[in-house]
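1. structure here, sequence nowhere to be found:
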Ligand code: PHE
């Protein structure tokens, strides 16, 4: 989930009226999402199916496993940071509309203009300027600008991706920011400073889009002193390891992996050894100072992290398939109870229904070769037509005809309903509708 290194943006544009989730893809080249109307253009790739997830807020649904994990993390932060009167320092923002600008999702966060995470094939664009957030980090700047020093942002995020038991185009993330000022970091020690004496506030960085997005020295940013970075790193790593222990138990083995995010430097991933595998839990780092400057914060150093809730919930509850988080089946939902957040029951499959596998082979249009074929376009068609009964899609064969030069692909689609046995006849009907949609939308020829 954290594999795509990210992130760009502007003023939070959008009114989010919770009452209305009406979504219309109309004939007039406009799209209505939660009472806002957007012009569609050549960037639009959002589908009605994807739009139908907006507002479902599984992370806030009572007794839902995602909500339970969210509450565990929020409580951990409430406990870990309090002011002198015992009140939590962190505020929680979990109802922000997932429609963001390209600037919010990428530019504001110094994501280079040519970064692959911006590609149309990876995100759900509403139009050239708006998309469904691909990470909750997209809200960093607006929250800091609103005056906050310590906050958590939680919500649904959207990414075009492969289809298997651990990937779903909609999932949930929790992001955090903590800003620490000179006196908080060094107390009364007047000899120590956050910033190198050579550092001057750079007025041009108030427009982050103009600032350099290249990190030359990964160990620290030039503006920071080593001691400020090391102290902040220590606080960040202590608090995040504490979080991992709160979730997975005190005895976990862990390791920090150096990594790169455009918006933090240095950056790390926390991995824990769980049931025989190293598992990535979160991504984090010292916030790029240009981002803070762009919010008018010139006297603090900050840390940030982000994590995916599904991944944690799948491990902690033994949930084998990411689609289950969307299930309204009482057999699933009744197994989770938030009355005791610290006693997580393992999920017991009600029963396992059989899979049906059908192959789909087609010739690409004459002028197209295998490399230029967008598998994510194909996956979206399969999802739109097949919905959640599609468990997995894999490419089983590719072939270029030596004489005609035409290319052919064969995908295996595995169908399985989470709550009942599917008949081969109903699968065949859906499978042929998928084939039909591929012919119409991708201009392929079924073999
Ligand atoms: N937004 C990153 C991701 O989705 C995670 C992250 C957040 C990393 C904040 C560092 C700081 O992969």
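-> Cool, the structure landed. Keep in mind that this is a model prediction, so the values were computed, not measured. Numbers count the residues shown, from 1 in each chain.

2. ok, how many other residues are close to residue 262?
-> The tally of other residues near residue 262 (other CB atoms under 10 Å) stands at 23. Yep, even glycine has a C-beta here, placed from its N, CA and C like the rest.

3. hmm, stretch 112-131 touching the ligand?
-> No. Stretch 112-131 does not reach the ligand (CB under 6 Å from any ligand atom); its nearest approach is 8.7 Å.

4. surely residue 245 touches residue 239?
-> No. Applying CB atoms under 8 Å, one finds residue 245 not in contact with residue 239, separated by 10.9 Å.

5. give the buried residues for the helix or strand residue 143 falls within.
-> Assigned by DSSP states H and E, residue 143 belongs to helix 140-145. By 16 or more other CB atoms under 10 Å, the buried positions in helix 140-145 come out as 140, 141, 142, 143, 144.

6. got the contact list for the residue lying closest to residue 246 once chain neighbours are set aside?
-> Spatial nearest neighbour of residue 246, chain neighbours left out: residue 76 (5.0 Å); criterion: CB to CB, 6 or more residues apart in numbering. Residue 76 makes contact with 242, 243, 246 under the criterion CB atoms under 8 Å, 6 or more residues apart in numbering.

7. in JSON lines, list those residues along with neighbour count and secondary structure.
-> Listed next are the contacts of residue 76 as JSON lines, based on neighbours: other CB atoms under 10 Å; DSSP: H, G, I helix; E, B strand; the rest coil:
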{"residue": "242", "neighbour count": "14", "secondary structure": "helix"}
{"residue": "243", "neighbour count": "21", "secondary structure": "helix"}
{"residue": "246", "neighbour count": "16", "secondary structure": "helix"}
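
8. could you pull out the helices for the stretch 151-300 of the chain?
-> Remark: helices assigned in the stretch 151-300 of the chain by DSSP state H, counting those that start in this stretch are 182-186, 226-248, 289-294.

9. burial measure for whichever residue of the stretch 151-300 of the chain sits closest to the ligand, as a count.
-> Of all residues in the stretch 151-300 of the chain, residue 283 sits closest to the ligand, at 3.4 Å by CB to the nearest ligand atom. Look at residue 283: counted by other CB under 10 Å, it has 27 neighbours.

10. which residues does it contact?
-> 2, 259, 261, 267, 268, 269, 305, 306, 307.

11. these two touch, right, the fifth one and residue 255?
-> It refers to residue 268. No. With contact defined as CB under 8 Å, residue 268 does not reach residue 255; the gap is 9.7 Å.

12. if you count what's nearby, which of those two comes out ahead?
-> More crowded of residue 268 and residue 255, by other CB under 10 Å: residue 268, with 22 against 11.

13. what's the spacing between the more buried one and residue 150?
-> 20 Å (CB to CB, to the nearest Å).

14. now the residue sitting nearest the centre point of the chain: how far from the ligand?
-> The residue lying closest to the centre of the chain (CA atoms, centre = their mean) is residue 135, at 4.0 Å. Going from residue 135 to the ligand by CB to the nearest ligand atom, to the nearest Å gives 4 Å.

15. for residue 415, same thing?
-> In this view, residue 415 and the ligand are 30 Å apart by CB to the nearest ligand atom.

16. so that residue makes contact with residue 356?
-> Yes. With contact defined as CB under 8 Å, residue 415 reaches residue 356; the gap is 4.6 Å.

17. and the residue of the stretch 251-400 of the chain found nearest the ligand, what helix or strand is that in?
-> Ranked by CB to the nearest ligand atom, the top residue of the stretch 251-400 of the chain for proximity to the ligand is residue 306, at 2.7 Å. Using DSSP H and E, residue 306 falls within strand 300-308.

18. what packs against the helix or strand following that strand?
-> The helix or strand immediately downstream of strand 300-308 is helix 309-317, counting by DSSP H and E. Helix 309-317 sits against helix 65-80, strand 170-181, helix 226-248, strand 277-287, with contacts defined as 3 or more CB pairs under 8 Å, 6 or more residues apart in numbering; DSSP states H and E.

19. quick check: mean pLDDT across the helix holding residue 143?
-> Averaging pLDDT along helix 140-145 gives 98.

20. same question for stretch 378-398.
-> The pLDDT scores in stretch 378-398 average 93.

21. what does it contact?
-> By CB under 8 Å, 6+ apart, stretch 378-398 touches 45, 47-49, 160-165, 169, 321, 323, 326, 355, 359, 361, 370, 375, 407-418, 422, 427, 430, 433-434, 437-438, 441-442.
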